[in-house]
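Engineer: structure, please.
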Amino acid sequence: MKKGLIGKKLGMTQIFDEKGNVIPVTVVELGPCTVVQKKTVENDGYEAVQLGYGDVKVQRLSKPAKGHFDKAGTAPKKVLKEFRLDDMSAVNVGDILKADIFAAGDKVDVVGTSKGKGTAGAIKRWNFGRLKETHGTGPVARHAGSLGACSDPSRVYKGKKLAGHLGSERVTVQNLEIVKVDAENNLVAIKGAIPGPKKGTVIVKDSKKA
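Structural biologist: From the prediction side, this is the model:
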């Protein structure tokens, strides 16, 4: 991975290209992110940089977290994420990375937490079909139906698709295109939809499959 930043999803809109075609985009406030720590092979066994995003009050920090930011000499940050960059020597603790590290036309992967939908039935969660609603089926048209085999193995297999909690999980959408970058306001317009609600935290990084 060459570059990556932490940001906040602001919502969706549309913009027009030179030919007048409409492009649906998601606007993301990307950065500014502060380099809080550098991981080295000597100390940690691998190389990475830890970026912090979003200001937070000192009173809300635990003592170990406060000591971590004091050691770096940076303001407290709400979100911390590690990135393995190609050129680790180019960044140092205290550096601030902004949205201008990306450019229009870049292909990126976006990681976010999907919207939580609570407990959902098998139809909504796994796209099951409905049962027939005539000839005495009863009030079970949206139930899951049969769960498995007969007396052998006399149990339901692990991993069976059932009703349960839906959403609120880490989701990665790959190979999206950056349409526009507003470096002055740290805004990036990404073509298509990305996971999560408005004001949800997202990670934008170079695409692995571009």
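Engineer: which residues in this structure form helices?
Structural biologist: With helices called from DSSP state H, the chain shows them at 41-44, 63-72, 122-126.
Engineer: mean neighbour count, those helices: which tops it?
Structural biologist: Among those, ranked by average contacts under mean count of other Cβ atoms under 10 Å, first place goes to helix 122-126 (a mean of 16). (C-beta placed from N, C-alpha, C; glycine too.)
Engineer: give me the contact list for that one.
Structural biologist: With contact meaning Cβ atoms under 8 Å, 6 or more residues apart in numbering, helix 122-126 is reached by Lys117, Phe128, Gly129, Arg130, Arg142, His143, Ala144, Lys161, Leu162, Ala163, Gly164, Leu166.
Engineer: nearest to Leu10 among those residues?
Structural biologist: Set against Leu10, the nearest of the contacts of helix 122-126 by Cβ to Cβ is Lys117 (21.7 Å).
Engineer: from Glu169, how far out is that closest one?
Structural biologist: Distance of Lys117 to Glu169, computed by Cβ to Cβ, to the nearest Å: 11 Å.
Engineer: tally of neighbours for Ala189?
Structural biologist: Applying other Cβ atoms under 10 Å, we find 21 residues neighbouring Ala189.
Engineer: from memory it sits against Glu29, does it?
Structural biologist: No: distance between Ala189 and Glu29: 11.2 Å, which falls outside the contact criterion (Cβ atoms under 8 Å).
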